[in-house]
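Need the 3D shape of this:
(one chain, ligands or ions: 2)
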Amino acid sequence: MFVDVIYSQGTPEQIEKFGKPAANCNIIGTYAQTEIGHGTNVRGIETRADYDRATDEFVLHTPNLQAYKWWPGGLGHTANHAMVVAQLYIDGKHHGIQMFIVQLRDLETHMPLPGVDIGEIGKKLGMAGVNQGFLGFKRVRIPRTNMLMRNAKVLPGGKFVQSPASRLNYMTMVFTRCLIVNLSYDCLLQAATISTRYSAVRRQSPINSSDPEPQIIDHVTQQQKLFPEIANGIAYRITGQHMWELYELTLKEIANGDYTRMADMHIVACALKVLSTTDGSFGVERLRLACGGHGYLTSTNFSTLYGNVIAAYTYEGENTVLLLQIGRYLVKTWTQLTQGKKMSPLAAYLAEIYDKPEIAAWNDSRSYLVKLLQFTAANKTRLAFENLTNRVNGGQTLEEASNNTGIELTQAAELHGRQFVASAFLEQITVAKKNQRSVALNSVLENILELYLVQTVLRHMNDILRFTPISDANLRSLQNRLELSLKKLRPDAVAICDGFDYHDRVLNSTLGCYDGNVYERLFEAAKKSPLNQKPVPDSFEKYLKPFLKSNL
Ligand SMILES: CCCCCCCCCCCCC/C=C/C(=O)SCCNC(=O)CCNC(=O)[C@H](O)C(C)(C)COP(=O)(O)OP(=O)(O)OC[C@H]1O[C@@H](n2cnc3c(N)ncnc32)[C@H](O)[C@@H]1OP(=O)(O)O
Ligand SMILES: Cc1cc2nc3c(=O)[nH]c(=O)nc-3n(C[C@H](O)[C@H](O)[C@H](O)COP(=O)(O)OP(=O)(O)OC[C@H]3O[C@@H](n4cnc5c(N)ncnc54)[C@H](O)[C@@H]3O)c2cc1C
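Residues are numbered from 1 along each chain as shown. Ligands and ions are numbered 1, 2, ... in the order given. Sure thing, here's the model as predicted:
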């Protein structure tokens, strides 16, 4: 984030002075925005940067404990620089949040510089490899030229020049949200590889009592735990590529002074970050649970994967807050529809359904499943819009009405995200089929798409049933399609996971190794336990023996 924000929002001189050394790891920076008192509400942060005209410097100051930077990765003991997000004041006048490059530690001794109070924030649920830190400033001075000034500027003498687009300084958060989609599917597909390989090795509970114990992967309920997660991970891998293409296009247009795509890019990044971390977190846990007791051992590495992905549910925009951002966008879009305004491509489906508010008769096509999700998302948006409007008409401010409509707004937002992923996945697979020479690969990918769409529609059936005339026969056909797609995926499941090509060292799991020797690896890992280094632990003489002899 430190490198990205300099390259995307720094001047050429700042890129030369800080960006290149940071990219080369000659300096190590962190992105210090969150404070102990504020994370979501960026505009509420309290660290100050006051411009001193006499010395042409900024004075960075932490006015109180709540203003201490808290959480930035690497800040505790690794970084020697930080991109500090602070409120800018010139002659006491507030000019919003800006970004300031601050050196924190001596480059030779790594000692904190004068006025810098810095340290580590303590043990976490996961991400043991990252030292999160705290940071307080006592009137630390930095040159004026250390404020990122590609967009907003402070000229010598203190004249402030406004950024051409107010949210440009949020673009690094958008970039990181896109990165997090990669992180989420990566964790999910690693967990799917571990759990699928283990399910092909583990034998348990004969299906016919006269038969030998089958591989647990042949229990259909086990397939229902594993295969939808493989489909989810591939869905985010493929739609994530589409998201990155949008991101690169947005950057190109920003470089040409065109900021119009930023709003849609923000919403796409919010949607995919929320859905991929939500599905990634619950998917890793479901895959762990699919391994029975052994899944509870840390040697399986599920806890590391879970710790990594569940953190991303919160950081870079807590998921509920990002859903509310999408909800805000949906209400704004629906308002524009009532005013007859033109829609951007991201909202084209809303315009289509607004103009033609009935859904076509059921058919078994995959595109119909996408239509079901779009129709439901549009009607959830309509309902939220109507209830919010009634609240405003009843005298509430727009903000109060939005808060009171928050539940429906987040539900509409999730469905907006689901239809985005479903339609992008369908589109990408359709394109891939045309370009693909391998018929076998086509049928595997098509079956994964089928599984993804059917399970997503079944997951949201309570909302779909509210707005569409789905019959019992239609529901039965969906259940049959689910069971058929699981059955079709069964012979390819292990090969698909092998195709993700995770090395044993990366999976780092006693259950997920390529050779499938799980019991030997479980036992080998147990033997390495410190508690097994001698037959009688020290605690026997110290505690257990006196306990056994005592008369409680
Ligand atoms: C093998 C693969 C490996 C990959 C490895 C990848 C690893 C990745 C690891 C990443 C590690 C990251 C570690 C974590 C870092 C952090 O957490 S950094 C801190 C992150 N903090 C946040 O994200 C804070 C979240 N809060 C916000 O973003 C904002 O406060 C808000 C919620 C968006 C609200 O902002 P505010 O300024 O109050 O705006 P609003 O009043 O709500 O809306 C005003 C308009 O602005 C529009 N808008 C908001 N944000 C953006 C944006 N980013 N871009 C464009 N536009 C934006 C918003 O839509 C409103 O528009 P209108 O409705 O038209 O007015
Ligand atoms: C592992 C990890 C690494 C991190 N790394 C960094 C980093 O490198 N740099 C950095 O700057 N920060 C970092 N963060 C901080 C992270 O960005 C914040 O934790 C995150 O933005 C959430 O803010 P918060 O913690 O203040 O939670 P809060 O915003 O206080 O959220 C608490 C609850 O309040 C709710 N809430 C908040 N606002 C609203 C609203 N408007 N409407 C409805 N509900 C709301 C939330 O939904 C949530 O349920 C990291 C955090 C973690 C966990």
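
so where is the stretch 351-500 of the chain shaky, pLDDT-wise?
Along the stretch 351-500 of the chain, the parts satisfying pLDDT under 70 run over 437.

Taking it, what residue is nearest to ligand 2?
Of all residues in the stretch 351-500 of the chain, residue 406 sits closest to ligand 2, at 6.3 Å by C-beta to the nearest ligand atom. No exception for glycine: its C-beta is placed from N, CA and C like everyone else's.

Assign a three-state SS to the closest residue to that residue other than its chain neighbours, would you?
Closest residue to residue 406 apart from its sequence neighbours, by C-beta to C-beta, 6 or more residues apart in numbering: residue 324 at 6.5 Å. The three-state assignment at residue 324 reads helix, by DSSP: H, G, I helix; E, B strand; the rest coil.

for residue 142, same thing?
Judged by three-state DSSP, the three-state class of residue 142 is strand.

okay but it is in contact with residue 99, surely?
No: using C-beta atoms under 8 Å, residue 142 makes no contact with residue 99, being 11.7 Å away.

out of the two, which sits in the more crowded spot?
residue 99 (26 against 18; other C-beta atoms under 10 Å).

and that one, what are its bridge partners?
residue 85 (DSSP bridges).

Just list the residues touching the residue nearest to residue 406, thanks.
Residues in contact with residue 324 (C-beta atoms under 8 Å, 6 or more residues apart in numbering) are 402, 406, 409-410, 413.

Please apply the same query to residue 280.
Each residue near residue 280 by C-beta under 8 Å, 6+ apart is listed here: 183-185, 187-188, 232-233, 236, 309, 312.

give me the subset of these touching ligand 1.
When the contacts of residue 280 are checked against ligand 1 using C-beta under 6 Å from any ligand atom, the ones in range are residue 183.

any chance of the contacts of residue 280 in TSV, plus secondary structure and distance to residue 345?
Converted to TSV, the contacts of residue 280 look like this (DSSP: H, G, I helix; E, B strand; the rest coil; distance: C-beta to C-beta, whole Å):
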residue	secondary structure	distance to residue 345
183	helix	27
184	helix	24
185	helix	24
187	helix	30
188	helix	28
232	helix	25
233	helix	26
236	helix	20
309	helix	30
312	helix	27
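
ok, the contacts of residue 280 vs residue 465, which is closest?
Nearest to residue 465 among these: residue 232, at 22.9 Å, using C-beta to C-beta.

In this structure that closest one contacts residue 452, no?
Yes: the pair residue 232 and residue 452 passes the contact test of C-beta under 8 Å, sitting 6.9 Å apart.

And for stretch 162-171, what's in contact with it?
With contact meaning C-beta under 8 Å, 6+ apart, stretch 162-171 is reached by 8-9, 42, 96-99, 148, 151-152, 254, 257, 259, 262, 266.

can you rerun that using 6 Å?
By C-beta atoms under 6 Å, 6 or more residues apart in numbering, the residues outside stretch 162-171 that reach it are 8, 151-152, 259.

Buried residues of the strand or helix carrying residue 392, list them for me.
Using DSSP states H and E, residue 392 maps to helix 366-393. By neighbour count on 16 or more other C-beta atoms under 10 Å, the buried set for helix 366-393 is 366, 368-385, 388-389, 391.

Same check on stretch 315-330?
Applying 16+ other C-beta under 10 Å to stretch 315-330 flags 315-317, 319, 322-327, 329-330 as buried.

ok, now stretch 235-242?
For stretch 235-242, burial by neighbour count (16+ other C-beta under 10 Å) applies to 235-240, 242.

Which member of those is positioned nearest residue 59?
Comparing those against residue 59 with C-beta to C-beta places residue 240 closest, at 42.0 Å.

Identify the residues contacting the closest one.
residue 181.

Show the pLDDT at it.
Per-residue pLDDT puts residue 240 at 97.

A helix includes it, no?
Yes: Residue 240: assigned to a helix according to three-state DSSP.

Helix or strand: which one has whatever residue of the chain ends up closest to ligand 2?
With C-beta to the nearest ligand atom as the measure, residue 39 is the residue of the chain nearest to ligand 2, at 2.3 Å. For residue 39, there is no host helix or strand (DSSP H and E).

Include secondary structure when you put the contacts of residue 324 into a markdown table, please.
A markdown table is the format used below for these (three-state DSSP):
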| residue | secondary structure |
| --- | --- |
| 402 | helix |
| 406 | helix |
| 409 | helix |
| 410 | helix |
| 413 | helix |
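
domain parsing for this protein?
Per automatic domain parsing, the domain ranges recorded for the chain read 30-168, 177-206+214-340+359-494.

near ligand 2, which residues of the protein show up?
Residues of the chain lying close to ligand 2 (C-beta under 6 Å from any ligand atom) are 30-34, 39-40, 71-73, 127, 132, 311, 314-318, 320-321, 324.

What about ligand 1: which of these touch it?
Contacts with ligand 1 are made by 31, 33-34, 40, 73, 315-317, 321 out of the residues of the chain next to ligand 2, judged by C-beta under 6 Å from any ligand atom.

Throw these into CSV and include secondary structure, thanks.
Below are those laid out as CSV (three-state DSSP):
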residue, secondary structure
31, strand
33, coil
34, coil
40, coil
73, strand
315, coil
316, coil
317, coil
321, helix
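
which two from those residues end up farthest apart in space?
73 and 321 (19.6 Å).
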